[in-house]
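Colleague: sequence and predicted structure are below.
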Amino acid sequence: MIARVWSARATPMQSLEYLEHLRSHVLPVVREVDGYAGATLLQREVSGEVEIVVTTWWWSLDAIRAFAGDDQEAAVVAGVAASMLSQFDQRVRHYDLVVQDEV
């Protein structure tokens, strides 16, 4: 499995708006992509802003390509989402899952 990791920053209010956008608009679309395996959103407060880290999980690079296009490391950020963020990564990072421990 492959993790696709992207991060952004937002004001506290904007982070709530982004969370709602992710839940109501992004995840329903991404769930339809063959090879999508799930997502997590982590956040923390940093200097009065909220740092957001989104990890989506994929079964293959082909699945990521179906979602992101030929430039697999380009961030996919809709204009409406970008307007909710004070800054965001233009590029994502991909990692292979090596160990997973769940209780």
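Modeller: Cool, the structure landed.
Colleague: Q90 touches A75, doesn't it?
Modeller: Yes: judged on CB atoms under 8 Å, Q90 makes contact with A75 at a distance of 5.5 Å. (C-beta placed from N, C-alpha, C; glycine too.)
Colleague: out of those two, which sits in the more crowded spot?
Modeller: Neighbours were counted for Q90 and for A75 using other CB atoms under 10 Å; A75 has more, 18 against 10.
Colleague: residues touching that one, list them.
Modeller: Taking CB atoms under 8 Å, 6 or more residues apart in numbering, we find A75 in contact with 6, 88-92.
Colleague: tell me how far the closest residue to W6 other than its chain neighbours lies from E45.
Modeller: Take W6 and drop its neighbours on the chain: the residue closest to it by CB to CB, 6 or more residues apart in numbering is V92, 4.6 Å away. According to CB to CB, to the nearest Å, V92 stands 23 Å off from E45.
Colleague: of these two, who's got more company?
Modeller: V92 (20 against 10).
Colleague: secondary structure class for the residue nearest the centre of the chain?
Modeller: Centrality entry for the chain: nearest residue to the mean C-alpha point is V54, 3.5 Å, by CA atoms, centre = their mean. Going by DSSP: H, G, I helix; E, B strand; the rest coil, the secondary structure assigned to V54 is strand.
Colleague: V26 and A81 touch, don't they?
Modeller: Yes: assessed by CB under 8 Å, V26 is found in contact with A81 at 7.4 Å.
Colleague: so what touches the lowest-mean-pLDDT helix or strand in the chain?
Modeller: Every helix and strand in the chain was compared by mean pLDDT, DSSP states H and E; the lowest is helix 79-82, with a mean of 92. By CB under 8 Å, 6+ apart, the surrounding residues in contact with helix 79-82 are 18, 21, 25-26, 88.
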